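Asks: Have a look at this prediction, sequence included:
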Amino acid sequence: MYDGPVLDNHLHLDPVNGRGAEAAAEFAEAGGTHLNVLNKPSWNLAGEVDDADGFRETFDITVEVTAEADEILPGRAWPVLGVHPALVSRLVDRGYDPDEAADLMRTGIDVAAEYAADGPALAIKSGRPHYDVDDAVWAASNEVMRHAFQRGAEVGCAVQLHTEGGEDFREVAEWAEAAGLPRERVVKHYADGYVEGPIPSVVCDKDELERACGGDWPFFMETDFIDDPDRPGAVFGPKTVPSRTTWLAQEGYGDALYRAHVETPARVYGVDTEGTLA
């Protein structure tokens, strides 16, 4: 059996439109101990963003609700801040060309890096669209992601990626290393059980979790809970990582769960999930 920390590596708390810290309480009641709280897209929290101050407003909302969650949990809650890659499409639809959109998104990454360097943020979020875009938008998005790697290397933090699906992200890991960021500090959000290149943050599909547990590579578990009352069944609820952890423990995967909830957070983010339990 497994009786250690339980980390959801990618979850959203939305105090503007959703349940906010109440969802963290539900996670804790189910047995969860630690959360990495990702800011929702800027347009969901702060409206349309055109400058650094708009990103700061988005990030401050997430920092505040994460602090509320931190008071609730037996462990810790950390903000992970950055720019949703779909922002490029919203900006292009508003009249920006792809390069102009990328410039603004790099500004958002720079602001997120400030929060990671000076205070509350554990990591930066970046990526590229998970849907079809034209070549110019794709190239601009890749440049934003590479900028995130550079800033992560400079401030000494990991980068979580929102990207298309698949398992082969070796080129992305090579871009990170070229920027000075070790590939083990790059995390593929909403991942399958195995990914080549970055560390997989495995969404709570039972088959993919068993695949990750059956291997010997580092991985995280996540729900991608979106905290949207208009989409209550989207992705997974906040109880899911604790419940999947219990199920996997019953299946005999205690060592793998220790890897996911203790060893991998220490390796990627430099955090001690055991030492931060109350």
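Replies: Sure, I can see it. Numbers count the residues shown, from 1 in each chain.
Asks: Please make it C-alpha for all contacts and neighbour counts, starting now.
Replies: OK.
Asks: Strands of this structure, start to end?
Replies: Using DSSP state E, the strands of the chain run over 7-11, 34-38, 77-82, 123-127, 158-162, 186-191, 199-203, 220-222.
Asks: CA atoms only: put the fourth one into PDB for me.
Replies: Provided in PDB are the C-alpha atoms of strand 123-127 (Å, rounded to 0.1, in the frame of the first residue of the first chain):
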ATOM      1  CA  ALA A 123       7.300  26.900 -12.700                       C
ATOM      2  CA  ILE A 124       6.400  28.500 -16.000                       C
ATOM      3  CA  LYS A 125       3.700  27.400 -18.400                       C
ATOM      4  CA  SER A 126       4.000  27.600 -22.200                       C
ATOM      5  CA  GLY A 127       3.500  25.400 -25.300                       C
END
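Asks: that older thread, as CSV, the strands of the chain with distance to Ala28 would be great.
Replies: Shown next, in CSV, are the strands of the chain (distance: least, C-alpha to C-alpha, whole Å):
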stretch, distance to Ala28
strand 7-11, 10
strand 34-38, 8
strand 77-82, 11
strand 123-127, 22
strand 158-162, 23
strand 186-191, 22
strand 199-203, 19
strand 220-222, 15
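Asks: how about JSON lines for the ones you listed, with mean neighbour count added?
Replies: Output for the strands of the chain, formatted as JSON lines (neighbours: other C-alpha atoms under 10 Å):
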{"stretch": "strand 7-11", "mean neighbour count": "27"}
{"stretch": "strand 34-38", "mean neighbour count": "27"}
{"stretch": "strand 77-82", "mean neighbour count": "29"}
{"stretch": "strand 123-127", "mean neighbour count": "27"}
{"stretch": "strand 158-162", "mean neighbour count": "27"}
{"stretch": "strand 186-191", "mean neighbour count": "26"}
{"stretch": "strand 199-203", "mean neighbour count": "27"}
{"stretch": "strand 220-222", "mean neighbour count": "28"}
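Asks: out of those strands, nearest to Arg146?
Replies: With respect to Arg146, and counting by C-alpha to C-alpha, the nearest of the strands of the chain is strand 123-127 at 8.9 Å.
Asks: from memory Leu11 sits against Phe27, does it?
Replies: No: counting by C-alpha atoms under 8 Å, Leu11 stays clear of Phe27, with 10.4 Å between them.
Asks: shared neighbours of those two, anything?
Replies: Common contact partners of Leu11 and Phe27 (C-alpha atoms under 8 Å, 6 or more residues apart in numbering): Pro238.
Asks: about what we covered before: which stretch among the strands of the chain comes nearest Met145?
Replies: Met145 lies closest to strand 123-127 among the strands of the chain, at 5.3 Å (C-alpha to C-alpha).
Asks: what about the helices in the protein?
Replies: Counting by DSSP state H, the segments of the chain that form helices are 21-29, 42-45, 52-72, 87-93, 98-118, 135-155, 170-178, 206-214, 240-250, 254-258, 264-269.
Asks: Nearest to Gly4 among those would be which one?
Replies: helix 254-258 (7.2 Å).
Asks: okay if I get the helices of the chain as a markdown table plus distance to Glu196?
Replies: Listed next are these as a markdown table, based on distance: least, C-alpha to C-alpha, whole Å:
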| stretch | distance to Glu196 |
| --- | --- |
| helix 21-29 | 30 |
| helix 42-45 | 30 |
| helix 52-72 | 30 |
| helix 87-93 | 26 |
| helix 98-118 | 25 |
| helix 135-155 | 17 |
| helix 170-178 | 6 |
| helix 206-214 | 13 |
| helix 240-250 | 23 |
| helix 254-258 | 19 |
| helix 264-269 | 16 |
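Asks: related to what we said a few turns ago, nearest to Asp51, out of the strands of the chain?
Replies: Across these, Asp51 has its closest neighbour in strand 77-82 (13.8 Å, C-alpha to C-alpha).
Asks: counting contacts, what elements does the closest one pack onto?
Replies: If contacts are counted by 3 or more C-alpha pairs under 8 Å, 6 or more residues apart in numbering; DSSP states H and E, strand 77-82 sits against strand 34-38, helix 52-72, helix 98-118, strand 123-127.
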